[in-house]
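Visitor: 3D, please:
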Amino acid sequence: MPLRRLGRTELQVSLLGLGTGTRFGDPSRSTPAELVRLVRGALDLGVNYLDTAPMYLEAESLLGRALAGVSREEYVLATKVFPMDAAGAVIRPDQLRESVETSLRRLRVASIDVLQLHGLRPSWLGPVMDQLGGELARLREAGRYRFLGVAETIVEDPWHEMLPQAVETGWFDQTLVGYNVLSPGAEVAALPSAQQIDVGVAAMVVVGPALRDPAVLAQRIRAAQARGEHGALELDPARALDVLLDEYSPDPVAAAYRYAASHPAVATVLSGTLNLTHLQANLAAVTAPPFSASQLSRHRKVFRHLDPCEWIIRHL
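Guide: Modelled structure (predicted):
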């Protein structure tokens with residue numbers, strides 16, 4: 001498994017990471033024993049970057065159980081804290097501390113490698129850090145986590161406005177970015193700004209329904225054409241991603257993982273599968289030879305011009 005440096009954290013992380021979103025955290029989707037096999041199988045493949053969050057149902061507890069007995073040196077662990085309460089106000093410092101301590105108990109670890117502020121909107125950045133910055137510093141000094149990260153929300157922030165602002169503050173060592181072949185707008189400002197300031201990047205939301213089902217993708221393209229979006233007008237809905245399909249990425253899902261791994265700012269690409277065979281396929285995709293400059297240029301000429309306000313919501 002290739003390792004990449006996670007920005008200035010200096011952590012060496014696997015090019016493919018395991019994301020434990022709500023499917024992983026839903027006990028009705030898999031048994032604990034199946035998740036143990038998935039996590040241990042991922043570690044055996046060389047996957048060492050594990051991403052989770054309190055908001056992913058029972059994901060933290062299930063991941064902690066799957067990692068019981070595994071050497072702490074074998075994996076890099078990222079989890080999150082949501083900085084706002086149900087009323088839309090910044091949580092109190094004691095609520096922040098309790099969230100972190102609860103995550104540590106669920107994960108059965110003494111320290112988190114990367115603690116991310118979850119789903120940060122552009123307007124939240126200043127108030128959140130004004131009110132929680134001191135407690136975040138104290139938790140870090142106490143060894144409860146090592147590096148501070150920030151996770152965007154592409155539904156509420158489809159133009160990736162928060163990330164350039166956040167990384168320029170110097171507060172954050174790592175970021176979680178929504179980045180995929182169908183909406184590659186993060187390439188315009190978010191990824192370059194992270195790269196310039198040496199903030200490590202994990203790519204998320206790499207694959208959605210439109211990539212798993214050709215009929216869904218064709219439907220999305222036709223809808224974009226009906227809206228008059230310039231890039232989409234050039235596409236054959238049935239062959240929208242053909243420029244990226246070759247012997248190394250024979251289908252859109254493989255192309256999506258390979259594409260996300262191709263950007264030099266990206267240290268790790270998250271895979272949210274519950275299937276070890278799928279994980280192996282995703283690993284093969286991210287470790288394939290890079291796309292040619294011609295492939296990337298022809299793809300970006302179209303998909304960078306699609307409106308993310310429309311496209312991302314329909315991609316998820």
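Visitor: Okay, strands next: where are they in the stretch 51-200 of the chain?
Guide: Using DSSP state E, counting those that start in this stretch, the strands of the stretch 51-200 of the chain run over 76-81, 112-117, 145-151, 174-178, 200-204.
Visitor: Could you export these as a markdown table, including mean pLDDT and mean neighbour count?
Guide: Heads up, the C-betas are built off the backbone N, CA and C, glycines and all. Shown next, in a markdown table, are those (pLDDT from 0 to 100; neighbours: other C-beta atoms under 10 Å):
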| stretch | mean pLDDT | mean neighbour count |
| --- | --- | --- |
| strand 76-81 | 98 | 26 |
| strand 112-117 | 98 | 26 |
| strand 145-151 | 98 | 23 |
| strand 174-178 | 96 | 27 |
| strand 200-204 | 97 | 26 |
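Visitor: Just put those in a markdown table and tack on distance to residue 186.
Guide: A markdown table is the format used below for the strands of the stretch 51-200 of the chain (distance: least, C-beta to C-beta, whole Å):
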| stretch | distance to residue 186 |
| --- | --- |
| strand 76-81 | 18 |
| strand 112-117 | 16 |
| strand 145-151 | 13 |
| strand 174-178 | 5 |
| strand 200-204 | 8 |
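Visitor: And the ones you listed: which comes nearest residue 293?
Guide: strand 200-204 (20.3 Å; C-beta to C-beta).
Visitor: Identify each buried residue in the next helix or strand after that closest one, please.
Guide: Downstream of strand 200-204, the next assigned helix or strand under DSSP states H and E is helix 209-212. Across helix 209-212, burial judged by 16 or more other C-beta atoms under 10 Å covers 210-211.
Visitor: on contacts alone, who are the packing partners of helix 209-212?
Guide: helix 214-226, helix 252-262, helix 308-315 (3 or more C-beta pairs under 8 Å, 6 or more residues apart in numbering; DSSP states H and E).
Visitor: What is the distance between that helix and the centre of its chain?
Guide: With C-alpha atoms, centre = their mean, to the nearest Å as the basis, helix 209-212 stands 17 Å off its chain's centre.
Visitor: next one: stretch 171-188
Guide: 8 Å.
Visitor: Report the buried residues of it.
Guide: Those would be 171-187, for stretch 171-188 by 16+ other C-beta under 10 Å.
Visitor: same thing with stretch 96-107?
Guide: Buried positions in stretch 96-107, judged by neighbour count with 16+ other C-beta under 10 Å: 96-97, 99-100, 103-104, 106-107.
Visitor: Of those residues, just say which sits nearest to residue 57.
Guide: Relative to residue 57, the closest of these is residue 106; by C-beta to C-beta it sits at 11.6 Å.
Visitor: Quick check, pLDDT for that closest one.
Guide: For residue 106, the model assigns a pLDDT of 98.
Visitor: Find the residue closest to it in space, skipping its chain neighbours.
Guide: Using C-beta to C-beta, 6 or more residues apart in numbering and skipping the chain neighbours, the partner closest in space to residue 106 is residue 60 (3.9 Å).
Visitor: my guess is that neighbour contacts residue 66, does it?
Guide: No: the criterion here is C-beta atoms under 8 Å, and residue 60 misses it with residue 66 at 10.9 Å.
Visitor: Roughly how far does residue 108 sit from residue 215?
Guide: Look at residue 108 and residue 215: by C-beta to C-beta, to the nearest Å, they are 43 Å apart.
Visitor: Oops, could you answer that again for residue 268 instead?
Guide: 31 Å.
Visitor: Compare those two and say which one has the larger neighbour count.
Guide: Of the pair residue 268 and residue 215, residue 268 is the one with more neighbours under other C-beta atoms under 10 Å, namely 32 against 10.
Visitor: The more buried one belongs to a strand?
Guide: Yes: assigned with DSSP: H, G, I helix; E, B strand; the rest coil, residue 268 falls within a strand.
Visitor: in the protein, which residue is closest to the centre?
Guide: Computing the C-alpha centroid of the chain and ranking residues by C-alpha atoms, centre = their mean puts residue 204 first, at 2.3 Å.
Visitor: Dig out what the closest residue to it other than its chain neighbours forms beta bridges with.
Guide: Spatial nearest neighbour of residue 204, chain neighbours left out: residue 270 (5.0 Å); criterion: C-beta to C-beta, 6+ apart. Note on residue 270: beta-bridge partners residue 17, judged by DSSP bridges.
Visitor: pLDDT at residue 270, what is it?
Guide: In this model, residue 270 is scored at 98, pLDDT.
Visitor: how about low-confidence regions in this structure?
Guide: The chain contains residues with pLDDT under 70 at 311-316.
Visitor: which outside residues touch the longest helix along it?
Guide: Determined from DSSP state H, the single longest helix within the chain is helix 125-141. Identification of contacts with helix 125-141 by C-beta atoms under 8 Å, 6 or more residues apart in numbering yields 83-84, 90-91, 93, 96-97, 100, 115, 117, 120, 145-146, 148, 162, 165-166, 169, 171.
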